[in-house]
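3D, please:
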Amino acid sequence: MKLLLDTHTFLWLNDESERLSQAVKELCSSGEHEFYLSMASPWEMQIKHQLGKLSLAIPIEELVIKNIQENNIKLLPIDLLHINYLAQLPTHHKDPFDRIIIAQAIIEGMAIVTIDHVFVDYPVQLVW
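Next up, the predicted model:
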């Protein structure tokens, strides 16, 4: 299964793994699934960091590279197809980062690993 990590899930995976559900921990340790991080997530983290809403032990670039190398997480670029799909998404969710993650998951046939309850209003598989 291809799994797209929501930003908070990516952060918890690194610093607060106790906040992850047992199901997510099992998916991570099984070695059977592909994990992806949308390029929207580092972008969101950078903005929140600059606004003082997010503090990190290491710079965002190092955090992402570390996860690519050590946890085999792949970066998912934002394509025009993803952006165009936003026009079809209902506006249940107003957060632009979450909306692009939802669009990417739908277009790429991925499940999203998240606890965001608003995601259930979209035609995408969720894991938590």
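
Can you give me the buried ones in stretch 51-67?
By neighbour count, with 16 or more other CB atoms under 10 Å as the criterion, the buried positions of stretch 51-67 are 60, 63, 64, 67. In short, each C-beta sits where N, CA and C put it, glycine included.

what comes into contact with it?
By CB atoms under 8 Å, 6 or more residues apart in numbering, the list of residues contacting stretch 51-67 from outside reads 10-11, 13-15, 37, 42, 45-46, 48-49, 73, 75.

which SS class is the closest residue to residue 76 other than its chain neighbours?
The shortest distance from residue 76 to any residue that is not its chain neighbour, by CB to CB, 6 or more residues apart in numbering, is 4.5 Å, and that residue is residue 36. Remark: residue 36 carries the secondary structure label strand [criterion: DSSP: H, G, I helix; E, B strand; the rest coil].

where does the protein dip in pLDDT?
Residues of the chain meeting the criterion pLDDT under 70: none.

related to what we said a few turns ago, whichever of the contacts of stretch 51-67 end up buried, select them in PyMOL.
A single PyMOL command suffices to select whichever of the contacts of stretch 51-67 are buried according to 16+ other CB under 10 Å:
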select buried, resi 10+11+13+14+37+42+45+48+73
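
From the contacts of stretch 51-67, which land in helices?
Secondary structure from DSSP state H places 10, 11, 13, 14, 15, 42, 45, 46, 48, 49 of these in helices.

Which one of those is nearest to residue 87?
Sorting those by how near they are to residue 87, with CB to CB, puts residue 42 at the top with 24.5 Å.

How are the helices of this structure distributed by residue range?
For the chain, applying DSSP H gives helices covering 7-15, 22-30, 40-50, 60-71, 80-85, 96-108.
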